[in-house]
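let me see the structure of the following:
(2 chains)
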Amino acid sequence: MISLSRRSAVAGSVWAILVFAFGTLALLAIFDRITISRFDDILAERLTRLTVELSNADAALNADSMNFSEPGYGRQYSGKYWQFREPDGQIVASTSLFDFKLNLPEPVNVEPVFWEASGPRDAVRGLTQLITLENGKQYQVAVAESLTRLSEDRQLVSRYGAVTFLILGFLGVVGAYLLTSSALRPLRKLSGEVQARWSDQSKLDPEKYPAEVAPLVSDINTLLERNHDIIARARRQTADMAHALKTPVSALKNELEAMSDQGLDVSLSEEILERIEKQVSRALARMRASYSADGMRMNANVSGSIDRLKRLFETLPFATKKQLIVVCDAGLSVKMDQQDLEEIIGNILENGYRWAAKTISIKVTQIEEFLTIEIEDDGPGLTLAQSQQALLPGQRLDMKNEGTGLGLAIASDLVAAYGGTLDLERSESLGGLLVKVKVPTSHRAQSLN
Amino acid sequence: MRILVAEDDLHLSSQIKAALLAEGRAVDIAHTGEDALHLGATEPYDLIVLDIGLPGRDGMSILRDWRESKIDTPVLILTARVTWSDRVDGLDAGADDYLAKPFHMKELSARIRAILRRKAGLQAPVIVAADIEYDSRTGSVQRSGKTIELTSYEASILDYLLHNKGRFISRTELSEHIYEFDEDRDSNTIAVFIARLRQKLGADLIETLRGKGYRISDVS
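Presented below is the predicted three-dimensional model:
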């Protein structure tokens, strides 16, 4: 879905274009109306003056005498014209018309009529009227003026209007963007604080948010709390179930051991109990993995986890006298629950320690949105068939070595829960097994994988 | 050696107790977190087997409380929680070892012996003092290659003195480490046990210093 910022930018731009177009058209329409009205007023005044002059004139009418001392009427094609038709049909016109005669419409009555027609150089707008003088003679009088000046003014207004509206439109878009950014700032802050809260579990403070957002913040607090509770309860239940199942299994195992010490054959019972034990372990691990996706919101420090596990392995009998080489940047982190990350690395490391002759290495690299953990050893390694078998639950490849045989399968389940992959290969550098874990470090990468 | 087993499951705790008694340990049982916390803080145990999932009080928090109170009794965590994080957290909280359920009793015994040896600064399970060889795995004693039969209490006293080599141990301390919580503790009987040990193992093995107690020095 389009972001709110982009929405506001797009909507602001569309709005600005509409304002620009509509504003320019409206301004021009208003300008036209005002200027034409004034233009027509001037024409009406000139027509009145022409009519007065005509009624005052003696019988010998001529153009020069009728130019009312108006310089425009005396200059050829000046743009200002007058013209009248005598009762006998003779046409008398201003000097400015020179050899041109205006094509006047026929007035149907004594009311003045505005008209537009071609002039000697360009289009003209005029006013004509049929008048009857006191002597009873009828004249059709007309005044006209070129529309060129009007068009030039109109273009000027259009140009300035367009620039003005462009600036206003731009300011409108910027204003809309700034307004939206400002309005969205509390939501961005909320998003950041929610992200942080997945790790530190502190509460969001609704009072730090605007009144419109505060109820949402309270709701998020409730949801986050409930989510944490559900996860914590599920984990507690898993731990309780582990305790409830494994403790009697322990007691049963010891009973069988005691019976075996007394010379009784309990091998079948021991084998069945071992199968139960593995099923329980795998089921509990699966339960953990099923609610591990929540960990995508958490941040696990990879080098910190490796250091913790290294410290632990150094105390375990099977790991003594073996060397672990660690290549991992201190700042590397992954969107994962710390326990799950340690469970994955711990299980693979345990397998490595058990099989290695002397050396185990762990190398962690981040490439784009994926974290790769490579754990290899100098042990015997696995064949292709053994590799496929190793990821099945409870498959012990060699009974000589201790361990449950579940480690790699549990690690594989957990990696899959985070949308990652676990591959078993041959180590080129150490010659034994190479376990390659690739986990996405973001939701986007998770969907890509 | 006196051991506290903090385990809520009745069957499992009695199995552990039986196994440890058979090895000559004095064993107290705590079925709840509160009992474990109290006993661990007030009784001088040589080792504590601590289940994490105790009712009333979580084993991990009990361990932290002990360590904060400077109680440095070795602790072996026994738990159904087998995640690697739990193990690291356990060790970080001050545990000496970690054993996941279900477990073999022999493994628990071996881990307990290893912790006790480590605490005593001993390397091998067979402890040699003068012409005496004591196998801490079986509790058997040989003098100049000849097997010597010891009673349970005699073996317990020998075991404690060997694990605390070079240090004078008072009768009171010995009685605190060989008797269980609800047993009658008569420190005078300690003198009787010591006399019997001298008869069986030679008069020079155990030194006595009036007012201070008993000591075995020549241990390897």
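
every contact and neighbour count from this point should use C-alpha atoms.
Fine.

how far does stretch B:124-134 sit from its chain's centre?
Distance, stretch centre to chain centre, for stretch B:124-134: 18 Å (CA atoms, centre = their mean, to the nearest Å).

please see if it touches chain A.
No. Applying CA under 8 Å from any CA of the partner chain, one finds stretch B:124-134 separated from chain A by no less than 14.6 Å.

list of residues touching that stretch?
Residues outside stretch B:124-134 that contact it (CA atoms under 8 Å, 6 or more residues apart in numbering or on different chains): B:113-114, B:117, B:135-137, B:140-144, B:162, B:201, B:205, B:216-220.

kindly recompute the last result at 7 Å.
For stretch B:124-134, the surrounding residues in contact (CA atoms under 7 Å, 6 or more residues apart in numbering or on different chains) are B:135-137, B:140-144, B:218-220.

from those residues, which land in strands?
Counted as lying in strands by DSSP state E, out of the contacts of stretch B:124-134, are B:135, B:141-143.

between those, which sits nearest A:Thr383?
B:Asp135 (43.7 Å; CA to CA).

next structured bit after the helix or strand hosting B:Ala19?
B:Ala19 belongs to helix B:10-22 when elements are defined using DSSP states H and E. Next along the chain after helix B:10-22, taking DSSP H and E as the criterion, comes strand B:26-30.

for that next one, packing partners?
Under the contact criterion of 3 or more CA pairs under 7 Å, 6 or more residues apart in numbering or on different chains; DSSP states H and E, strand B:26-30 touches strand B:2-6.

neighbouring strands - and their directions - for the strand it packs on?
Applying DSSP bridges to the sheet, strand B:2-6 is found paired with strand B:26-30 (parallel), strand B:47-51 (parallel).

just the ones you listed: most buried one?
Compared across the strands paired with strand B:2-6, strand B:47-51 shows the largest average neighbour count, a mean of 27 (mean count of other CA atoms under 10 Å in any protein chain shown).

okay, it in PDB with CA atoms only?
What follows is strand B:47-51, C-alpha atoms only, in PDB (Å, rounded to 0.1, in the frame of the first residue of the first chain):
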ATOM      1  CA  LEU B  47      27.200 -30.300  47.400                       C
ATOM      2  CA  ILE B  48      23.700 -29.500  46.300                       C
ATOM      3  CA  VAL B  49      21.800 -31.200  43.500                       C
ATOM      4  CA  LEU B  50      19.300 -28.500  42.500                       C
ATOM      5  CA  ASP B  51      16.300 -29.000  40.300                       C
END
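
looking at B:Glu173 now. What's its pLDDT?
According to the prediction, B:Glu173 has pLDDT 90.

can I take it that it is in a helix?
Yes. Under DSSP: H, G, I helix; E, B strand; the rest coil, B:Glu173 sits within a helix.

relative to chain A, how far out is it?
Remark: distance between B:Glu173 and chain A (CA to the nearest CA, to the nearest Å) = 31 Å.

burial measure for that residue, as a count.
Using other CA atoms under 10 Å in any protein chain shown, B:Glu173 has 14 neighbouring residues.

can you list the residues of the stretch 201-350 of chain A near chain B?
Within the stretch 201-350 of chain A, the positions near chain B by CA under 7 Å from any CA of the partner chain are A:239, A:242-243, A:246-247, A:249-251, A:254, A:308-309, A:312, A:339, A:342-343, A:346.

out of the residues you listed, which comes closest to B:Leu122?
A:Leu312 (22.1 Å).

so where does the closest one fall, helix or strand?
Using DSSP H and E, A:Leu312 sits within helix A:302-313.

in that helix, which residues are buried?
Buried residues in helix A:302-313, counting neighbours by 16 or more other CA atoms under 10 Å in any protein chain shown, are found at A:302-306, A:308-310, A:312-313.

can you check stretch A:35-49 too?
A:39-40, A:42-44, A:46-48.

so which bits of the helix or strand following the helix holding A:Leu312 are buried?
Downstream of helix A:302-313, the first helix or strand assigned by DSSP H and E is strand A:323-327. Using 16+ other CA under 10 Å as the burial criterion, the residues of strand A:323-327 that qualify are A:323-324, A:326.

from the residues you listed, which is closest to chain B?
Nearest to chain B among the buried residues of strand A:323-327, counting by CA to the nearest CA, is A:Leu324 at 16.8 Å.

who does the closest one bridge with?
Bridge pairing for A:Leu324 (DSSP bridges) gives the partners A:Ile360.

and if you look at A:Thr365?
Applying DSSP bridges, one finds that A:Thr365 bridges with A:Thr372.

okay but it is in contact with A:Thr372, surely?
Yes. Contact criterion CA atoms under 7 Å: A:Thr365 and A:Thr372 qualify, at 5.3 Å.

when the two are compared, which one has more neighbours?
Higher neighbour count among A:Thr365 and A:Thr372: A:Thr372, with 19 against 15, using other CA under 10 Å.
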